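Trainee: sequence and predicted structure, then a few things I'm wondering about:
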Amino acid sequence: MRSVERFDVDPEGVAQRLRDGMAGGVLAFPLTSFREDGSLDLESYRAYLTAQVATAPGALFPACGTGEFGALEEDEYRAVVRTAVEVAGGQLPVVAGTGYGWAQAVRFARIAEEAGADALLVMPHYLVAAPQDGLVEQLRRIAGGTRLPLIAYQRGQVTFTADSVRRIAEIPTVVGIKDGHSDLDRLQRLTLAAPDGFLFFNGAATAEIQARAYATVGVPAYSSAVHAFAPEIADAFFTALRDGEDAVTRKLLRDFFVPLVELRDRVPGYAVSLVKAAARLRGLPVGPVRAPLVDPGPSDLADLEKILDAGLELVGAARHRTA
């Protein structure tokens, strides 16, 4: 089992491991397992993570958006990250989520560092809009509080300019950006402003929908929420896209991903709630979502079941129904 003691953090080494992983598979954002009473279920989480790691994703991102970072207490966060590190066992990079204001982000960052994480995904800060100088300073302050490499997540209230990307790339431990805005004109400008080797990846909700477009501006890597409940589908799409099998990618987009997105857009928060519900439909031990998210109702759940079955049929996989 991999030690969780960390004294040898090498930002460029971590970045290279991420770069290699991103070239070979989707980035996995695992769900966090809760019991029906809402308490953390570490035993089920470990079993679920073991199955996720066995599919060889490019990297593992525990306690991020799909993992309901915002609903975790600090002790729960520590346990979630430590468990992910133990299950990964050094086979792939573990990038933990952090966020809120910079002071809280540093506190979570230090917990993740002690738990053995390889890097951190800095999620958008809370509530207030901020100018570019403030966004850059936020990352500087977080970087000053942890040895771990940072990936900035631009989404919601966080949008970087090309000049800001140049500035954050000068922070030694900032190694990349996850983009959730899908503004390809702006993103192209950011990639051109960044130094060679700076990481970029597609972090749009249901990223497969826009994966082909992102690739045209030099950002082929992406995170996959679908991997959290149907790695067979996520991997089939990744392979088809990588190998130029356009007919396969179009069929998967038309018959699975687009219907999933249309269902996702019915209710705020379904980007996570549907993923967790689909995992439960497959018998995966993840439990319900925590407030403020809500689980889908019977009608939406029935539609989700049809979409899931269609996707699995497309890739020749069978769904194991819950008892």
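Mentor: Arrived safely.
Trainee: gap between the helix ranked longest in the chain and the chain center?
Mentor: Ordering each helix of the chain by length in residues (DSSP state H) puts helix 298-314 first. The chain centroid and the centroid of helix 298-314 are separated by 23 Å, computed with Cα atoms, centre = their mean, to the nearest Å.
Trainee: and the strands in this structure, which stretches?
Mentor: 27-28, 59-60, 95-98, 119-122, 150-154, 174-179, 199-202, 223-224 (DSSP state E).
Trainee: now do the same contact list for residue 245.
Mentor: residue 239 (Cβ atoms under 8 Å, 6 or more residues apart in numbering). For the C-beta atoms, the positions are set from N, CA and C on the backbone; glycine is no exception.
Trainee: and it, what pLDDT?
Mentor: Residue 245 carries a pLDDT score of 96 in this model.
Trainee: show me which positions of the longest helix of the chain end up buried.
Mentor: 300, 301, 303, 304, 307, 308, 311, 312, 314 (16 or more other Cβ atoms under 10 Å).
Trainee: the fourth one against residue 295, yeah?
Mentor: No: look at residue 304 against residue 295 with Cβ atoms under 8 Å: they stay out of range, at 10.8 Å.
Trainee: mutual contacts of those two, please.
Mentor: residue 277.
Trainee: list of residues touching the longest helix of the chain?
Mentor: 229-230, 232-233, 236, 251-252, 255-256, 259-260, 263, 266-267, 270, 274, 277-278, 281-282, 296, 318-319.
Trainee: quick one, what contacts residue 239?
Mentor: residue 245.
Trainee: and the helices in the stretch 201-323 of the chain, which stretches?
Mentor: Counting by DSSP state H, counting those that start in this stretch, one finds helices in the stretch 201-323 of the chain at the ranges 211-216, 231-242, 246-252, 258-264, 270-281, 298-314.
Trainee: circling back to that earlier point, between the longest helix of the chain and helix 270-281, how many degrees?
Mentor: Counting by axes from the mean of the first three to the mean of the last three Cα atoms, to 10 degrees, helix 298-314 lies at 70 degrees to helix 270-281.
Trainee: any idea of the mean pLDDT for helix 298-314?
Mentor: 98.
Trainee: picking up where we left off before, winner for burial among the strands of the chain?
Mentor: Neighbour counts (mean count of other Cβ atoms under 10 Å) averaged over each of the strands of the chain peak at strand 95-98, with a mean of 30.
Trainee: and it, what does it pack onto?
Mentor: Here strand 95-98 touches helix 74-88, helix 102-115, strand 119-122, going by 3 or more Cβ pairs under 8 Å, 6 or more residues apart in numbering; DSSP states H and E.
Trainee: other residues contacting the last one?
Mentor: Where contact means Cβ under 8 Å, 6+ apart, the residues beyond strand 119-122 that reach it are 14, 18, 61, 64, 93-99, 105, 109, 112, 139, 142, 146, 148-153, 175, 178.
Trainee: can you rerun that using 6 Å?
Mentor: Contact with strand 119-122 is made by 14, 64, 95-98, 109, 148-153, as judged by Cβ atoms under 6 Å, 6 or more residues apart in numbering.
Trainee: next one: it to chain centre, how far?
Mentor: 10 Å.
Trainee: quick one: strands adjacent to that strand?
Mentor: Strand 119-122 has the following strand partners under DSSP bridges: strand 95-98 (parallel), strand 150-154 (parallel).
Trainee: neighbours around residue 67, how many?
Mentor: Residues within reach of residue 67, counting by other Cβ atoms under 10 Å, total 25.
Trainee: and the residue lying closest to it once chain neighbours are set aside, how far from residue 44?
Mentor: Once flanking residues are discounted, residue 67 sits nearest to residue 32: 4.5 Å by Cβ to Cβ, 6 or more residues apart in numbering. With the distance defined as Cβ to Cβ, to the nearest Å, residue 32 ends up 10 Å from residue 44.
Trainee: between those two, who's got more neighbours?
Mentor: For residue 32 and residue 44, the more surrounded residue by other Cβ under 10 Å is residue 32, and the numbers stand at 31 against 17.
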